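Asker: All I have is the shape, not the residue letters:
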């Protein structure tokens, strides 16, 4: 793991009925399959190549943490995970233009 960050192995408060039981608990491209379905209607979220990046939930002390859009007080990081270049290169969500 990079940046002194480790996955916390949990996803407290995440609506797992929508996102899945294991969502964000380990390094994975969690949003690559159904990014548009998962994130449609979530305020301030635009589908883009981030959908294909590996990430996990991390502790608040993680230097590369970003605040979760789903749960206040929960943080995630891309830097905690090595990239999956194959998925990123073949990302169907890159530069999706709404229209």
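Answerer: Arrived safely. Quick caveat, the model's predicted, so the values are computed rather than measured.
Asker: ok, which stretches of the chain are helices?
Answerer: Secondary structure of the chain, counting by DSSP state H: helices at 16-19, 35-39, 85-89.
Asker: wait, which of the ones you listed is closest to residue 53?
Answerer: For residue 53, the closest of the helices of the chain is helix 85-89, at 6.7 Å, according to C-beta to C-beta. The C-beta positions use only the backbone N, C-alpha and C, and glycine is treated the same way.
Asker: any idea how far residue 73 is from the most centrally placed residue in the chain?
Answerer: Taking C-alpha atoms, centre = their mean, the centroid of the chain lies closest to residue 55, which sits 5.1 Å from it. Separation of residue 55 from residue 73 (C-beta to C-beta, to the nearest Å) stands at 17 Å.
Asker: residue contacts, the residue nearest to the centre of the chain?
Answerer: Residues near residue 55 by C-beta atoms under 8 Å, 6 or more residues apart in numbering: 24, 27, 28, 30, 76, 77, 78, 80, 81.
Asker: Next one: the residue nearest to residue 68 when sequence neighbours are not counted relative to residue 27, how far apart?
Answerer: Distances taken as C-beta to C-beta, 6 or more residues apart in numbering place residue 74 nearest to residue 68, at 3.9 Å, with adjacent residues excluded. Counting by C-beta to C-beta, the gap from residue 74 to residue 27 is 16 Å.
Asker: I figured the residue nearest to residue 68 hits residue 14, correct?
Answerer: Yes - Residue 74 is in contact with residue 14 according to C-beta atoms under 8 Å; the separation is 7.4 Å.
Asker: got any residues that touch both of those two?
Answerer: Common contacts of residue 74 and residue 14, defined by C-beta under 8 Å, 6+ apart, comprise residue 68.
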